[in-house]
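Colleague: got a predicted structure plus its sequence, pasted below:
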Amino acid sequence: MIAGLTITGKFGADEAEMVDALKMKCEAALANVSDANVDVMIERQVGQPVGAVENAGKVYEEGKLENIVHKEGQVIWLQFWATWCPPCQPPMERNQKILEKRKDEWGDKVRIIGLSIDKDHDTVKNHVEKKGWPLPEQYHVRNGKCSSDKEYGLTGVPHAAMIDKAGKIVFIGHPASRPNLEQDIDDLLNDKPITGAGTKQGGMGEEDPTAQTAKKEEKEEEMKDVIDAKAAAEALEQFKKHSDDVF
């Protein structure tokens, strides 16, 4: 028996129908290969139809999975985030504030959806309740059955996508790249295209200064942690040295 083989592949949303069939054929062909791994999936990109976010766990209904499906005429904002991620909190708070202001006016024409990548459901539920974010729809996607984070090329959070009335992805990127999200939604409702960072296929486009600042601040926080860790290690070594001298 052959051992250790991995097959990976990514396909556009327009090839979604063939992905499951291809995966089944690969798995059947590798039946005699131990430790075989077949990872064939869809990768969502700007300009493509959104498709469904399948098997997302409803935060307010533990154990219930739901397919998030776009309906003609709706504008959808999908935002990947985590409770442990400091830069994720302001964009999530913004979602709540926008809906407090516009939910009654927009009705079911607009959906703002949080997609948590936390490890467990209860952590997400407790966090959104503590923060007071009842208006955005809240889902838990790293539940073992939902692959939306992979489909949207998630390498870190926060990460977001915007869907227009026709069900086409018109933005993927950092939520700070859309500093006037409310206006973006209004524009799409009025059939006006949005432009700027993250609105071209492959994520091309001039990056908004707000997004640049946000990324810079995130990097500075990361560096601060590294510096703090280094300083702590040096302090520990000094303590050990002096302890040896004393004792």
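Modeller: Nice, I can see it. Numbers count the residues shown, from 1 in each chain.
Colleague: just the strands in this structure please.
Modeller: For the chain, applying DSSP state E gives strands covering 2-11, 33-42, 53-58, 65-68, 75-81, 110-116, 137-140, 159-163, 169-173.
Colleague: out of those, flag the one nearest Asn95.
Modeller: strand 110-116 (4.9 Å; Cβ to Cβ). For glycine as for every other residue, the C-beta is placed from the backbone atoms N, C-alpha and C.
Colleague: what packs against the closest one?
Modeller: strand 75-81, helix 89-106, strand 137-140 (3 or more Cβ pairs under 8 Å, 6 or more residues apart in numbering; DSSP states H and E).
Colleague: re the thing from before, the strands of the chain: lowest mean pLDDT?
Modeller: Lowest mean pLDDT of the strands of the chain: strand 2-11, a mean of 53.
Colleague: give me every residue that touches Lys131.
Modeller: 89, 92-93, 96 (Cβ atoms under 8 Å, 6 or more residues apart in numbering).
Colleague: which of these lies closest to Ser147?
Modeller: Nearest to Ser147 among the contacts of Lys131, with distances taken as Cβ to Cβ, is Met92, at 22.1 Å.
Colleague: Gly153 is in contact with Ile172, isn't it?
Modeller: Yes. Here Gly153 reaches Ile172: they are 7.4 Å apart, a contact under Cβ atoms under 8 Å.
Colleague: so those two - more neighbours on which side?
Modeller: Neighbours were counted for Gly153 and for Ile172 using other Cβ atoms under 10 Å; Ile172 has more, 25 against 14.
Colleague: give me the beta-bridge partners of the more buried one?
Modeller: Legend: beta-bridge partners of Ile172 under DSSP bridges are Ala161.
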